[in-house]
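> quick one: sequence plus predicted model below, questions after.
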Amino acid sequence: MLYNEYSDIFEHLRTVIPFALIVLFPILIVMSPAIPGADGAYDFPIYRIRQFDHHGNNYGSRGASFSLEGRSPDAKLLLRKCVVARLKEVTPDKIRKLMDMQIGALVIVLPASMTSMDDEAKEALALLEKTFATEDIIIPVFVAHENEKLKEVLTELKHAGAADAADSAAGALFSSIFANGYQVDVTGPPAAPVTDFTVTSLQGKLIGNGIEEQLPSIIIVAHYDATGIAPSLSFGADANGSGVAALLELARLLSQLYTDPRTQPRTNVHFVLTGAGTLNFMGAKRWIDHQLDEAQSLGEVPLVLCLDALANKHLYLHVSKPPKEGSFGAQFLSLLEAILASNGLPPPQLVHKKINLAEDMLAWEHERFSMRRLPAATLSGRPSSPVRTAADVSLNLASLEANVKVLAETLARLLFNTSSGPVLSRGPEPEALDGWVKMLTAQGRSPAMFASRDNPLLQNMEQALQHHTKEASRHAFRIDKRDPEFTVYSGFDYRMAAHHIKPAVFDLVLSLGIAAYVGLVYVFVLYYDMLAGSLRRLIRKEKTH
């Protein structure tokens with residue numbers, strides 16, 4: 001009786017197994033993509049860090065798009081992996097260590113809001129920006145703002161990285177099998193040198209009463225570009241959005257003095273917005289060379305005043321050479337002190353710093369003019385050259401307004417050579433200053449983003465100069481392709497997709513399991529008669545007992 005039951009079972013299996021194999025394999029194939037857990041994909045905007053060449057030396061990130069498995073910075077197995085880490089988890093030394101471990105890419109997660117960054121985070125960011133601006137990074141490096149989905153990615157990568165730190169190999173293998181991971185794909189345009197890079201400077205002037213070529217000219221300058229860890233995050237609210245906003249408002253205020261010939265000063269005033277200020281003030285250099293060597297239209301220049309980072313309570317006048325007594329520079333400083341005091345503000349501090357020609361990069365824009373023997377100074381709210389960082393996203397509008405008011409009155413008295421006042425009947429408009437700052441910080445202002453002469457921000461600033469000054473124009477020059485001082489690169493905004501996956505070891509274990517299962521089925525079918533005969537003999541033996 002027992003033999004007949006087993007015999008029926010075997011006969012049933014023998015007829016069912018081929019059908020089961022035909023059905024089972026398609027099921028495994030269909031289910032295999034779902035088994036690793038690749039059912040979730042998050043998509044984020046991501047920004048490539050700045051890249052440029054200076055005199056043939058490479059700086060910044062060399063790479064762009066990639067597709068790599070994600071890892072936390074504390075994981076041990078990082079060869080050809082994409083490390084995703086928060087800002088506080090990476091330092092310059094940590095990045096060098098990760099590169100020694102031959103990681104494939106690095107994604108740095110910045111706070112969701114740059115305005116809420118504390119001082120410690122700002123210092124950490126500034127340190128990274130300095131590192132990326134002075135070292136050649138051969139791997140792709142990107143930054144992204146944190147959000148809820150990116151938090152989830154960071155948490156799961158941290159958990160997956162813990163498997164590498166298990167006490168034993170078996171424990172690490174077990175943890176790896178059950179941990180979740182992410183495949184990080186970054187897509188976007190290739191990074192390539194901008195071959196038609198054009199640096200554009202804008203200028204306008206107020207013409208004094210008399211023969212224009214015989215009148216002295218004061219030049220007011222501000223560079224309109226900015227820099228940060230990534231071109232798209234180069235907002236530069238204070239450095240140098242405040243300088244640009246101040247210059248354009250000064251053009252509006254001082255233009256009131258030039259509308260009536262009876263009140264028209266006997267001094268020309270030039271307003272110059274220079275490009276590529278963050279590339280060693282290259283726009284200022286080219287503008288000066290053109291004016292002095294080619295156009296020869298400046299005549300006598302008793303004062304060049306550069307504006308940079310003015311949204312602070314204290315003002316500093318930076319010079320390469322102290323102004324001589326009785327010069328325009330000395331009169332400007334004296335008037336500035338008096339007007340600040342009358343407004344209840346602290347006096348300006350004169351900061352004397354000689355130009356260090358041994359350094360590759362200049363500290364202040366006025367040094368470009370001083371090198372051509374023009375009396376120049378930079379008025380700033382910073383005691384030293386400002387740290388140009390992606391964290392510079394907002395400013396103190398009240399301080400900017402107060403400084404523009406004082407500066408406008410100082411220049412007006414200087415133009416009329418008087419110490420009494422007020423000369424101006426109206427002060428700066430807070431709405432105008434605020435509008436310019438918002439427009440300037442609405443987009444990244446890296447020099448590479450102004451490669452096209454049709455940039456909307458350039459057009460808006462040019463229109464403002466045309467409205468308030470005479471002979472407003474552009475001065476544009478192309479970088480010499482044969483021997484460029486600087487080379488900038490395209491490739492700013494990218495997309496990062498994080499696909500939820502199991503690690504490769506899971507695929508290995510799964511493959512081994514499937515192979516073992518198929519092997520057992522194959523052996524069972526191949527040796528079915530032998531197995532059935534053995535079972536029959538075993539049953540007969542049991543019956544005899």
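Nice, I can see it.

> and the residue nearest in space to the middle of the chain, what are its phi and psi?
Compute the mean C-alpha point of the chain, and by CA atoms, centre = their mean the closest residue is A230, 1.6 Å away. For A230, the backbone dihedrals (degrees, to the nearest 10) come out as phi -140, psi 150.

> check L154 too.
phi -60, psi -40.

> distance of it from G63?
22 Å (CB to CB, to the nearest Å). C-beta here means a position set from N, CA and C on the backbone, and glycine is covered the same way.

> would you check that the residue nearest to the centre of the chain makes contact with A390?
Yes - here A230 reaches A390: they are 6.8 Å apart, a contact under CB atoms under 8 Å.

> pLDDT at E359, what is it?
In this model, E359 is scored at 88, pLDDT.

> that one: how many residues sit nearby?
As a burial measure, E359 scores 9 neighbours (other CB atoms under 10 Å).

> do the same with V525
Around V525 there are 14 residues (other CB under 10 Å).

> elements contacting the helix or strand where it lies?
Using DSSP states H and E, V525 maps to helix 504-526. For helix 504-526, the packing partners by 3 or more CB pairs under 8 Å, 6 or more residues apart in numbering; DSSP states H and E come out as helix 2-31, helix 169-178.

> same thing but at 6 Å, please
Judged by 3 or more CB pairs under 6 Å, 6 or more residues apart in numbering; DSSP states H and E, the packing partners of helix 504-526 are helix 169-178.

> how big is the angle separating the next helix or strand after the helix it packs on from helix 504-526?
Per DSSP H and E, helix 169-178 leads on to strand 181-187 as the next helix or strand towards the C-terminus. With axes from the mean of the first three to the mean of the last three CA atoms, to 10 degrees applied, the angle from strand 181-187 to helix 504-526 works out at 120 degrees.

> and for strand 181-187, what are the contacting residues?
Counting by CB atoms under 6 Å, 6 or more residues apart in numbering, strand 181-187 makes contact with 65-70, 82, 153, 160, 494-499, 501, 503, all of which sit outside it.

> with stretch 108-116 instead?
By CB under 6 Å, 6+ apart, stretch 108-116 touches 86-87, 90, 117, 143-146, 391, 393-394.

> can I have the buried ones of those as a ChimeraX selection?
To isolate the buried subset of the contacts of stretch 108-116 in ChimeraX, counting by 16 or more other CB atoms under 10 Å, use the following:
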select :86,87,90,117,143,144,145,146,391,393
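
> keep only those of the contacts of stretch 108-116 that are in strands.
Counting by DSSP state E, those place 86, 143-145 in strands.

> helix or strand right after the worst-scoring helix or strand of the chain on mean pLDDT?
When each helix and strand of the chain is scored by mean pLDDT, DSSP states H and E, helix 2-31 comes last, with a mean of 50. Counting by DSSP H and E, the next helix or strand C-terminal to helix 2-31 is strand 41-48.

> could I get the buried residue list for that next one?
42, 44, 46-48.

> could you do stretch 255-275 as well?
Buried-residue list, stretch 255-275, by 16+ other CB under 10 Å: 255-258, 264-265, 267-275.

> what's the first-to-last distance across it?
24 Å (CA to CA, to the nearest Å).

> now it: mean pLDDT?
Stretch 255-275 comes out at a mean pLDDT of 92.

> just stretch 309-323 next, same as before
pLDDT averaged over stretch 309-323 gives 96.

> what residues does it touch?
238-239, 242-243, 246, 329-330, 346, 348-352, 355, 364, 367, 370, 377-383, 386, 395-396, 399-400, 403.

> same deal with stretch 138-145?
So stretch 138-145 is contacted by 44, 46-49, 61-64, 66, 105-110, 112, 229-230 (CB under 6 Å, 6+ apart).

> what sits against A412?
423-424.

> can you tell me how far it sits from H366?
Distance from A412 to H366, by CB to CB: 21 Å.

> next structured bit after the host helix or strand of A124?
Here A124, judged by DSSP H and E, is contained in helix 119-134. As assigned by DSSP H and E, the chain's next helix or strand after helix 119-134 is strand 136-137.

> R382 belongs to a strand?
No - going by DSSP: H, G, I helix; E, B strand; the rest coil, the assignment for R382 is coil, not a strand.

> which intervals of this structure have sub-threshold pLDDT?
1-40, 161-180, 295-296, 502-506, 542-543, 545 (pLDDT under 70).

> if I look at I49, how far off is K205?
Counting by CB to CB - I49 and K205 are separated by 39 Å.

> now swap in Q51 and tell me
Distance from Q51 to K205, by CB to CB: 37 Å.

> and Y528, by the same measure?
Y528 is 100 Å from K205, by CB to CB.

> same question for L526.
In terms of CB to CB, L526 sits 96 Å off from K205.

> so for those two, which sits in the more crowded spot?
Ranked by neighbour count (other CB under 10 Å), L526 and K205 place K205 first, with 23 against 10.

> if we can go back for a sec, other residues contacting the helix holding A124?
In contact with helix 119-134 (CB under 6 Å, 6+ apart) are residues 49, 59-60, 87, 92, 229, 387, 389, 391.

> that older thread, tabulate the contacts of stretch 108-116 (CSV), appending distance to T441.
Putting the contacts of stretch 108-116 into CSV (distance: CB to CB, whole Å) gives the following:
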residue, distance to T441
R86, 24
L87, 21
V90, 26
M117, 15
V143, 17
A144, 19
H145, 16
E146, 20
A391, 12
V393, 6
S394, 8
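
> quick check: the farthest pair among the contacts of stretch 108-116?
Spanning the widest gap among the contacts of stretch 108-116 are V90 and S394, at 24.6 Å by CB to CB.
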